[in-house]
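S.K.: sequence first, predicted coordinates after that:
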Amino acid sequence: MKSDTIAAIATGMSNAGISIIRISGDEAFSVIDKIYRSKNGNKKLSEQESHTVHYGYILDDGQMVDEVLVIIMKGPNSYTKENVVEINCHGGIMVTQRVLETAVKYGARLAEPGEFTKRAFLNGRIDLSQAEAVIDVIQAKNQYALQSSLNQLKGNIQEKILEIRENILRDMAFIEAALDDPEHIDMDGFDKTLLSNVESNLEKLDKLYQSSGNGRLMKEGISTVIIGKPNAGKSSLLNGMLKEDRAIVTDIEGTTRDTLEETIVFDGILLNIMDTAGIRETKDVVEQIGVERARNQAKQADLILYVIDSSKELDENDDKVMEFIKDRKAIILRNKIDLHEIVSKEDIITAMRKYSDKELAIIDISAKLQEGMQDLEDMIKNMFYKGKISFNDEVYITNVRHKTAIKEGMDSLVQVKESIQSGMPEDFYSIDLMNAYRILGEIIGETVEEDLVNKIFSEFCMGK
């Protein structure tokens, strides 16, 4: 790890009210003393109290670069636990770049992507899971993803993992001590105690692992595909959910011939939603391609919105869609309720009984008049989040790396459990216990390889 002084622009590179240039390292105050002059004198910022704000100018060879406010933070009470200076300058691209160039000219070097947060991790201010939460906060696309990332930033994953690792370490220490001093430490009955401890840890890890399903949906969004026969109102539904005319809507069947993808926040829930070509038998080659794409996208979706035109009879094309969705998470939307009803809810339930006896999620809507949209929002929330997500004590795993490590840790503890039940010698337990301890340590960065650390922080923006 380089210990020199780094500098970078910590705000977006666009014209704005202000920009921030961050400097961190042992020589941060030396750099700012060379380029800063106060309005009423030449006081050195290195001699001022920590966490104070100062008004003055940035100078380069005596020429003013910009009028600024400078915040100084002395280590270890800073983001990186090093001496940190933040220069608040005017937000123009040109002036921001000039201030940064001046800092580099007088002793700093340009920071690498994520290097400030990397230093915070290496200096022990945050663990690796919290460091990863920083980028998740920045990239959050909905309120659930943001709240989950903020909780992770506070250390809720760290707390759970540390608790489990402490339990494992306690058992390992007892086994090793007993093996080293069998005359004074009796292991009779310890296998039952260890089995109970392992099952308890497995239960805690499994709860974390199971949360990754909701965690993925929070972070990445619910992959949603709208399907149905031509002219059922699929594109009108998409436009209604987007609250804009994104998809072309006409009375001509087969208007939509390819998939149309949009990302929307629907009552706080992120939906990656796709409008598809109407599913029907057709000899039109282009339309056939669109129908096949619709089927393929629906196979991979988290949620299918099946739109039925309630003003037209069900036919063989509806039968094919119903058979397709029988084992999938789907909401049936009985559309065009503002028109004369031909297909009732009972008709749909009767038609679906040929393929499935499960309870159906059916909502009456008028995509054109925007009726039933709130019912759809509520049903999606209930279907995926049981109506509400609680962030009081819950931990949601949103990171694939964490999920993988938890699964590997569970596998190792299952091996311990099987060894106990098979009556294997105690030293066999230690091998798998140590493996679980090490793997779980990767989540918080205690046993992680340097290459992985570098890869994680290389995905950060330059000034973070």
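M.R.: That came through fine.
S.K.: for the rest of this, base every contact and every neighbour count on C-alpha atoms.
M.R.: Noted.
S.K.: which neighbouring elements make contact with the longest strand anywhere in the chain?
M.R.: Assignment by DSSP state E gives strand 63-73 as the longest strand of the chain. On a contact count with 3 or more C-alpha pairs under 8 Å, 6 or more residues apart in numbering; DSSP states H and E, strand 63-73 meets strand 52-60, strand 84-91, helix 93-105.
S.K.: direction included, what does it pair against?
M.R.: Paired strands of strand 63-73, with direction, are strand 52-60 (antiparallel), strand 84-91 (antiparallel) (DSSP bridges).
S.K.: which other residues reach that strand?
M.R.: 45, 49-59, 83-90, 95, 98-99 (C-alpha atoms under 8 Å, 6 or more residues apart in numbering).
S.K.: ok, stretch 35-45 next?
M.R.: For stretch 35-45, contacts defined as C-alpha under 8 Å, 6+ apart pick out 29, 32-33, 54-60, 72, 102-103, 106.
S.K.: okay, strands next: where are they in this structure?
M.R.: 6-9, 16-24, 36-38, 52-60, 63-73, 84-91, 109-110, 222-228, 260-266, 269-275, 303-309, 330-335, 362-364.
S.K.: and the residue nearest to residue 126 when sequence neighbours are not counted, how many neighbours?
M.R.: Spatial nearest neighbour of residue 126, chain neighbours left out: residue 120 (6.1 Å); criterion: C-alpha to C-alpha, 6 or more residues apart in numbering. Neighbourhood size, residue 120 [other C-alpha atoms under 10 Å]: 19.
S.K.: which residues does residue 120 contact?
M.R.: 79-81, 126.
S.K.: how far away is it from residue 463?
M.R.: 13 Å (C-alpha to C-alpha, to the nearest Å).
S.K.: same check, this time on residue 140
M.R.: 18 Å.
S.K.: can you find the helix or strand in this structure with the smallest mean pLDDT?
M.R.: Among the helical and strand segments of the chain, the one scoring lowest on mean pLDDT, DSSP states H and E is helix 285-300, with a mean of 63.
S.K.: give me the distance between the residue lying closest to residue 191 once chain neighbours are set aside and residue 412.
M.R.: What sits nearest to residue 191 in space, not counting adjacent residues and going by C-alpha to C-alpha, 6+ apart, is residue 420, at 6.4 Å. From residue 420 across to residue 412, the span is 13 Å (C-alpha to C-alpha).
S.K.: look at the two and report which has more neighbours.
M.R.: Shown here are residue 420 and residue 412; by other C-alpha under 10 Å, residue 412 has more neighbours (22 against 18).
S.K.: residue contacts, the more buried one?
M.R.: Residue 412 makes contacts with 432-433, 435-436, as judged by C-alpha under 8 Å, 6+ apart.
S.K.: what's the closest of those to residue 397?
M.R.: residue 436 (17.9 Å; C-alpha to C-alpha).
S.K.: you'd agree the closest one is up against residue 414?
M.R.: No - contact criterion C-alpha atoms under 8 Å: residue 436 and residue 414 do not qualify, at 9.9 Å.
S.K.: give me the distance between the residue nearest the centre of the chain and residue 133.
M.R.: By C-alpha atoms, centre = their mean, the chain has its centre lying nearest to residue 219, at 3.4 Å. Using C-alpha to C-alpha, one gets 11 Å for the distance from residue 219 to residue 133.
S.K.: point out where the stretch 151-300 of the chain drops to low pLDDT.
M.R.: 244-260, 267-268, 277-295 (pLDDT under 70).
S.K.: neighbours around residue 55, how many?
M.R.: 15.
S.K.: what bridges to it?
M.R.: residue 69.
S.K.: for it, which residues are in contact?
M.R.: Applying C-alpha under 8 Å, 6+ apart, the residues contacting residue 55 are 38-39, 67-70.
S.K.: most neighbours among these, which one?
M.R.: residue 70 leads these on contacts (other C-alpha under 10 Å) with 24 neighbours.
S.K.: and the contacts of residue 412 as JSON lines, adding distance to residue 179?
M.R.: Formatted as JSON lines, the contacts of residue 412 follow (distance: C-alpha to C-alpha, whole Å):
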{"residue": "432", "distance to residue 179": "16"}
{"residue": "433", "distance to residue 179": "15"}
{"residue": "435", "distance to residue 179": "19"}
{"residue": "436", "distance to residue 179": "20"}
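S.K.: inside helices: which ones of those residues?
M.R.: In helices, judged by DSSP state H, the following of these are found: 432-433, 435-436.
S.K.: closest to residue 382 among the residues you listed?
M.R.: Nearest to residue 382 among the ones in helices among the contacts of residue 412: residue 436, at 35.3 Å, using C-alpha to C-alpha.
S.K.: circling back to that earlier point, tell me the angle of the longest strand of the chain relative to strand 16-24?
M.R.: Counting by axes from the mean of the first three to the mean of the last three C-alpha atoms, to 10 degrees, strand 63-73 lies at 70 degrees to strand 16-24.
S.K.: for the nearest residue to residue 263 once chain neighbours are set aside, give its distance to residue 18.
M.R.: Spatial nearest neighbour of residue 263, chain neighbours left out: residue 272 (4.5 Å); criterion: C-alpha to C-alpha, 6+ apart. Computed as C-alpha to C-alpha, the residue 272 to residue 18 distance reads 34 Å.
S.K.: now do the lengthiest helix in the chain and strand 222-228, the angle between them.
M.R.: When the chain is scanned for its longest helix (criterion: DSSP H), the result is helix 190-220. Taking the same axes, to 10 degrees, one finds helix 190-220 and strand 222-228 inclined to each other by 60 degrees.
S.K.: okay, angle between helix 190-220 and strand 269-275 too, please.
M.R.: 60 degrees.
S.K.: output the contacting helices and strands for helix 190-220.
M.R.: Packing partners of helix 190-220 (3+ C-alpha pairs under 8 Å, 6+ apart): helix 143-154, helix 156-180, strand 269-275, helix 400-421.
S.K.: 10 Å instead, please
M.R.: Where contact means 3 or more C-alpha pairs under 10 Å, 6 or more residues apart in numbering; DSSP states H and E, helix 190-220 is packed against helix 143-154, helix 156-180, strand 222-228, strand 269-275, helix 373-385, helix 400-421, helix 426-444.
S.K.: would you mind listing the buried residues in the last one?
M.R.: The neighbour-count criterion (16 or more other C-alpha atoms under 10 Å) identifies 426, 429-430, 432-444 as the buried residues of helix 426-444.
S.K.: good, we can wrap up now.
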